[in-house]
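Asker: Sharing a sequence plus its predicted fold:
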Amino acid sequence: MPPEPVATTALEILTRLGVSVREGDLRVQTPIDGSELVSIATSSANEIGQASERALEAYDAWRKVPAPRRGELVRLLGEELRAARSELAALVTIEAGKIASEGAGEVQEMIDICDFAVGLSRQLYGLTMPSERPGHHMREVWQPLGPVAIISAFNFPVAVWAWNAAIALVCGNPVIWKPSEKTPLTALATQAVMARALARFGDGPEHLSQVLIGGADVGAALAGDARIPLVSATGSTRMGRAVAMSVAARLGRSLLELGGNNAMILSDSADLDLAVRAIAFSAVGTCGQRCTTLRRLIVHEAVADTLIARLRSAYETLPIGDPRNPSTLVGPLIDEAARDDFEAAIARAVDEGGRLVCGGERLAGAGAYVRPAIIEMPLQTDAVMHETFAPILYVLRFERLEDAIAMQNAVPQGLSSCIFTERMREAEAFLSAWGSDCGIANVNIGPSGAEIGGAFGGEKDTGGGRESGSDAWKAYMRRQTQTVNFSGALPLAQGVRFDL
Ligand code: UN1
């Protein structure tokens with residue numbers, strides 16, 4: 001019996017999750033075979049304008065709800081996500097083309113951040129400061145901020161929303177989500193899961209969590225809307241720059257998580273067994289479509305030939321194909337345009353003096369499947385400086401660690417980085433103030449697959465924002481310094497006298 005068409009499964013999952021799809025002009029296709037799943041309606045200009053107004057109304061009520069009670073909503077969201085885990089994961093695989101285990105991992109990431117945010121709802125701590133004036137006290141209180149717009153990319157179609165939404169909600173802020181126009185179905189499914197949590201919660205305000213479907217125009221409208229104090233955007237540097245300029249023009253706040261060009265420095269002391277596994281996962285996992293994907297391997301001359309040979313044989317046996325098949329490790333690229341970019345980047349790198357070690361071909365048949373490529377480069381040419389969202393690994397050689405670190409920092413992006421070494425001095429130099437200039441720096445771990453507990457983001461063209469764990473929540477709140485006088489007198493700070 002032939003397998004069921006992908007669209008049938010997708011629609012079945014949506015029905016099971018209680019999502020009713022409004023038909024329209026936006027063609028949603030599955031990267032599994034490039035076929036159309038459904039055509040859905042985009043949000044009208046009127047709906048986009050209304051969303052901020054509605055979010056402001058929700059904000060008015062939500063900020064009055066005690067933070068631990070707000071945490072209860074996020075706890076319920078975590079429960080509902082656990083219940084919908086397999087459906088949502090399967091939909092991520094169908095719509096974004098992630099292999100089954102990564103689809104499940106993405107939903108797990110949502111659950112993890114919910115758990116984190118529930119705890120956080122009782123820990124939105126501010127400092128107290130000693131006042132210089134007698135009978136006064138000073139303290140810092142973190143207040144809700146207002147509606148938060150979340151612009152997310154196709155490659156983490158649901159987890160990135162959760163990083164932002166779970167935190168924003170406990171901080172007292174409603175959320176408006178613009179998912180990638182390539183992955184609206186997973187967003188609608190997540191919104192249905194959220195609706196269940198809200199129904200169980202009972203008295204949450206309407207429109208606390210909204211979704212707008214559409215392209216760059218929707219993002220631009222949100223970025224320019226002064227009713228939205230924070231816009232959190234994930235995607236390309238080009239998109240982020242446009243959002244940042246529009247938000248800055250109205251003196252709003254933006255939180256940007258943009259392109260990466262992540263490197264691994266591999267010392268001659270490195271454990272090669274470990275390194276080969278880490279390289280494979282971080283360079284070809286998600287078909288090279290993570291912002292944290294390993295794109296540059298900076299390897300010590302003494303081990304370069306051995307390592308390249310080992311990588312070549314590991315790449316030769318990579319199971320590439322239908323991401324629903326449990327033995328597949330490399331699924332498809334998101335679409336044909338991404339495959340064109342992959343091929344163009346390889347041609348450019350070869351033109352700039354690169355030697356194609358392996359891969360780079362397209363696979364026959366439906367869907368944008370490719371063989372991940374390894375290219376040895378003489379130096380960091382334009383192709384290497386540029387983030388191509390596809391599985392291309394550029395290999396560069398070094399002799400002195402200082403040169404490797406300089407090379408690793410010489411690109412415009414600054415998201416994630418790592419070193420493989422068994423030498424403490426090398427590891428610590430890499431982690432020092434004159435080491436990696438990225439937001440993430442790892443030792444003996446690849447650059448991708450971060451846990452939610454840390455602050456996630458990077459510097460330079462990556463945008464400078466931090467999401468997810470640690471104290472990233474502070475970006476979603478308004479810091480207020482409060483001074484209270486209980487002295488009965490009116491002493492002025494700095495000893496200033498102003499006696500009437
Ligand atoms: C992204 O690709 O936009 O560290 C986010 C990782 C994931 C998040 C990636 N936890 O690879």
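Answerer: Perfect, thanks for sending it.
Asker: right, and residue 448 touches residue 288 too?
Answerer: No. Checked against C-beta atoms under 8 Å, the pair residue 448 and residue 288 is beyond contact range at 10.0 Å. In this view, the C-beta of every residue, glycine as well, is placed from N, C-alpha and C.
Asker: Spatially nearest residue to the closest residue to the ligand within the stretch 301-450 of the chain, not counting backbone neighbours?
Answerer: Distance from the ligand to each residue of the stretch 301-450 of the chain (C-beta to the nearest ligand atom) is smallest for residue 450, at 3.4 Å. Counting by C-beta to C-beta, 6 or more residues apart in numbering, residue 456 is the residue found nearest to residue 450 once chain neighbours are left out, at 5.7 Å.
Asker: ok, the one you found - contacts?
Answerer: Listed by C-beta atoms under 8 Å, 6 or more residues apart in numbering, the contact partners of residue 456 are 163, 257, 439-440, 450, 466-469, 472.
Asker: quick one: the nearest residue in space to residue 146 that is not next to it in sequence from residue 247, how far?
Answerer: Here the nearest residue to residue 146 in space, its sequence neighbours aside, is residue 229; by C-beta to C-beta, 6+ apart that works out to 4.3 Å. Residue 229 sits at a distance of 9 Å from residue 247 (criterion: C-beta to C-beta, to the nearest Å).
Asker: got the contact list for the residue nearest to residue 146?
Answerer: Residue 229 makes contact with 145-148, 252-253 under the criterion C-beta under 8 Å, 6+ apart.
Asker: Next: residue 90.
Answerer: Taking C-beta under 8 Å, 6+ apart, one finds 9, 13, 100, 103, 324 in contact with residue 90.
Asker: Let's see that with 7 Å instead.
Answerer: If a contact means C-beta atoms under 7 Å, 6 or more residues apart in numbering, then residue 90 has 13, 103 as its contacts.
Asker: tell me which element it falls in.
Answerer: Under DSSP states H and E, the secondary-structure element containing residue 90 is helix 85-96.
Asker: one step back: quick one, phi/psi of the residue nearest to residue 450?
Answerer: Reported as degrees, to the nearest 10, the phi and psi values for residue 456 are phi -110, psi 130.
Asker: How about it: which residues does it bridge to?
Answerer: Taking DSSP bridges, one finds residue 467 as the beta-bridge partners of residue 456.
Asker: residue in the stretch 51-200 of the chain nearest to the ligand?
Answerer: When distances are taken as C-beta to the nearest ligand atom, the stretch 51-200 of the chain approaches the ligand most closely through residue 156, which lies 4.8 Å from it.
Asker: correct me, but that residue touches residue 106?
Answerer: Yes. Residue 156 is in contact with residue 106 according to C-beta atoms under 7 Å; the separation is 6.4 Å.
Asker: Tell me who's in contact with the residue nearest the centre of the chain.
Answerer: When C-alpha atoms, centre = their mean is applied to the chain, the residue found nearest the centroid is residue 160 (4.8 Å). Residues touching residue 160, when contacts are defined by C-beta under 7 Å, 6+ apart, comprise 152-153, 234.
Asker: Find the nearest non-adjacent residue to residue 226, please.
Answerer: Spatial nearest neighbour of residue 226, chain neighbours left out: residue 250 (4.8 Å); criterion: C-beta to C-beta, 6+ apart.
Asker: Distance of that neighbour relative to residue 240?
Answerer: Using C-beta to C-beta, one obtains 17 Å as the distance from residue 250 to residue 240.
Asker: on that earlier part again, let me know the pLDDT of the residue nearest to residue 146.
Answerer: pLDDT for residue 229: 98.
Asker: mind showing which ranges of the protein have poor pLDDT?
Answerer: Applying pLDDT under 70 to the chain flags the ranges 1-3.
Asker: beta partners of the spatially closest residue to residue 460 that is not a sequence neighbour?
Answerer: Distances taken as C-beta to C-beta, 6+ apart place residue 414 nearest to residue 460, at 4.0 Å, with adjacent residues excluded. Under the criterion DSSP bridges, residue 414 forms beta bridges with residue 459.
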